[in-house]
Each structure stands twice: as C-alpha cells, then as structure tokens.
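Could you look at this predicted model? Sequence included:
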Amino acid sequence: MKGIIIGGGIIGLSIARELYKKGIEITIIEKEKIGRGASWVAGGMLAPQAEGLEIGDMLNLCLDSRNMYKDYILEIEKDTGLQTGYWDSGIFCPAFSEEEKDELLKNLKNYQKIGLTGEWIERKEIKDKYISLGEEILGGVLYPDDGQVDNRLLMIALENYVRNTDMEILEYIPVKKIVEQNGEFKYVETENGIVEGDFCILSAGAWSGLILDIPVFPIKGEMAAVDVEKKDIDKVFFSSRAYLIPRKDYTRLVIGATEEKVGFKKGNTVKGVMQLFKGLVDTFPHFKEKNIQELWYGYRPATPDLEPILGESGIKNLYFATGHHRNGILLAPITAKLLVDLIVDNKKDKYLEIFNCKRF
C-alpha cells in the first residue's frame, strides 16, 4: 500500500511517521524543504487553556492532544536521539486591565468546572520574582498543564526520522493539482510530473486551498526573538499584548505574534515589529536592553471557523489534515492518530465527523 502526503510540515511528517510504522510505503511532496515551512516559524506553545478556548469540541481536541504530547515527544527523541525542547513549564496569562482580569477569571472558573487546573495569582505575589514587571499588570492566571516545545528542534527531529527511512521525499516540487476520476483519487500532478499512490493526504497548511477548492486561507503572523537569561522569565507569558516563550535552554526568547489577513504577503513590517516589542516591554520593561536575534514571519492555515479540517474529503482515498490555524504544533499527535486509525483500520472517530470539511 502506498500513500502520498502533500505537505512536509509537522502535520504531514507526523502522519508520515505513524503510517510508516504501520508498514505503509510513503511519498512526501513538499514545495520547499521539508520541515522548513509554517511549522519552522511557529511559536511552539501547547496552550489550549491559555488560548482561552471555549468549552466544547475544539477545546477537547486540543486537551486530548496535549495529553498525548509527552509520549509523542519521548518516542521521537528515542527514535532519533535528538532533543526537542519539550517543557511543561506552565503558561502565565497576565491581565493588563480590570476587563482582562474579569475575562481571565471567567475562563478560569469555566475550566475549573470541568476539572482543569489553574489559579489566579495577584501582582504582589509575583512582582519580586522578576527583574521588572510591567506597571499595568494586575496579576494573572497560571495554567500549570500548558507548556511548549521548541518547534524548530522538533522539526529537525522529524526530518531526521523520515530521512533515515526509505520514504520517498520529493522536495522543492509544487503540486499543480490532485486528480480524481469517478469520485476516487487517482494521482497527484506536480510540476515535475505525476505521482501515483493508493491514497493521498492533503496537509499543505495555508497552501491547501490553492491545491483544492477548500476553505483554507493564510493568516500572516510576524515574530521576533531576543536574548534571554534564566533570571528574566521562568515560563511562557501569554497576553493580549504578546506571547513570550523562553526556550528551555534559555538561548532565546520567542515573541509572537501578529495576525493579518494579507494573503501571502512577504516580509516583516515596521508596524508588526513595533507591536511585538511593545508587548514585550509592556510585560518586562528591562527587555528593552536585550539584543535582537531574529525577525521572521509565517502563514497560519485558517478556516472560516478557525478550526481544522480532518478526515474524509468526499473523494474516495483522499483525506484532509489541514486548517489547524494557531494550533498545528499542539494538534500534531492527535491529528496523526486520527488519520492513521481511519486509513489503516477504518476507525471513524467522533472528531473526524465534527471537523469534517462538509461542515462548510
């Protein structure tokens, strides 16, 4: 049995890995270098609670994937011998106003009602813990079960895994179209010719809607990184102003992220970078003295309801795993499991019905 995966990001490579372990022959088609697309330029937060997701199916999907993450990471690190920077550090959500405090407390109470952990911490309890703390911060909610992974290290590990197998990797090859006949997948047409397989998974992120007529589109985000020391910050800070992600080895602090519907417009902007650094300094004023390491941008794969498209496509043997928006890194383990269970064992999980493309 041969499967084709369009897209070499975290979703595509995670699915490829699981299918390969089941003995399926895999071809990965990627328009750039595998592992270097949107997954490379993400933040790496594992933050279903810090994101403030409403109680419901999307939150449950994210929580289930968060619960899978430690085993997912341990397996990849064991198979490759590489570290991924996984850190269940907890995430702190500071409130910059009474309105934000009320919203955070409302979310906290809702989460506690369904058995999730979290606590409100007053400003006076944290202000002496850090070199500086923004004057507007009233306190915040700590979610100890949220965390992060260094997405670049994770992508290096996943790339290492697939390159050390006999999977076929077709890089720098754009897909022109997916061809079906009589309602059944036939082949993928690329700029270098035709690729045939028994089934195909479209996991091309923000570019998925350019390959097939499905409602997936890009939301651009700009990001930055600066120097950091262990005494500066001890966990992720996630607020309305910016999110601040110190890597586990304290080699850099990642700052994110703006959101703009500007298509695939390239480049960092003065406006975007100013927004990031204002959020940084509003949270920790002393960071204005830090050295800038890097500026970059990327494209989140969004859908009209900002939730993913998973499972069957309506065309036999063509499947979707795309549209993960802000949660592609978080949702990689559960997306891989759902798609592999469906393709290999015909197991139709409830999430595949909930997040099916037919809802649009």
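Thanks, I have it. Since this is a predicted model, take the numbers as computed values, not measurements.

ok, so what distance separates residue 10 from residue 4?
Distance, residue 10 to residue 4, by C-beta to C-beta, to the nearest Å: 18 Å. In short, each C-beta sits where N, CA and C put it, glycine included.

Looking at these two now, which is surrounded by more residues?
Comparing residue 10 with residue 4 by other C-beta atoms under 10 Å, the one with more neighbours is residue 10, at 31 against 26.

and residue 78, how many neighbours?
Residue 78, neighbours per other C-beta under 10 Å, totals 9.

Run a quick check on residue 268 versus residue 296, I expect a contact.
Yes - checked against C-beta atoms under 8 Å, the pair residue 268 and residue 296 is within contact range at 7.1 Å.

Overlap in contacts, those two.
By C-beta atoms under 8 Å, 6 or more residues apart in numbering, residue 268 and residue 296 have these common neighbours: residue 222.

Does residue 35 touch residue 9 like I think?
Yes - at 7.3 Å, residue 35 counts as touching residue 9 under the criterion of C-beta under 8 Å.

Among those two, which residue is more densely surrounded?
Using other C-beta under 10 Å, the more surrounded residue of residue 35 and residue 9 is residue 9, with 30 against 25.

contact partners of stretch 170-183?
Contacts of stretch 170-183 (C-beta under 8 Å, 6+ apart): 6, 8, 27-34, 185-192, 195, 200, 202, 204, 211-212, 315-316, 318.

what about 10 Å?
4, 6-8, 27-36, 185-196, 200, 202, 204, 207-208, 210-212, 313-318 (C-beta atoms under 10 Å, 6 or more residues apart in numbering).

what does stretch 350-360 give?
With C-beta under 10 Å, 6+ apart, stretch 350-360 has contacts from 56-58, 60-61, 64, 212, 214-216, 303-305, 307-314, 319-323, 331, 334-335, 337-339, 341-342, 348-349.

go again using 7 Å as the cut-off
57, 61, 214-215, 304, 307-314, 320, 338, 342 (C-beta atoms under 7 Å, 6 or more residues apart in numbering).

Report the spatially closest residue to residue 207, excluding sequence-adjacent ones.
Once flanking residues are discounted, residue 207 sits nearest to residue 31: 7.0 Å by C-beta to C-beta, 6 or more residues apart in numbering.

Spit out the contact partners of the one you found.
172, 173, 174.

can you do 10 Å?
Residue 31 touches 6-8, 37, 170-175, 190-191, 204, 207, 210-211, counting by C-beta under 10 Å, 6+ apart.

Where does confidence bottom out across those residues?
Of all these, residue 37 carries the smallest pLDDT score, 92.

Which among the contacts of stretch 170-183 count as buried?
4, 6-8, 27-31, 34-36, 185-188, 190, 195, 200, 202, 204, 207-208, 210-212, 313, 315, 317-318 (16 or more other C-beta atoms under 10 Å).

Among these, which ones are in strands?
Among these, DSSP state E puts 4, 6, 27-29, 185-188, 190, 195, 200, 202, 318 in strands.

In a markdown table, list the residues you listed along with distance to residue 71.
Putting these into a markdown table (distance: C-beta to C-beta, whole Å) gives the following:
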| residue | distance to residue 71 |
| --- | --- |
| 4 | 27 |
| 6 | 27 |
| 27 | 27 |
| 28 | 23 |
| 29 | 28 |
| 185 | 32 |
| 186 | 37 |
| 187 | 35 |
| 188 | 32 |
| 190 | 35 |
| 195 | 32 |
| 200 | 28 |
| 202 | 27 |
| 318 | 29 |
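
Just flag the most distant two among the residues you listed.
The most widely separated members of those, counting by C-beta to C-beta, are 28 and 186 (18.9 Å).
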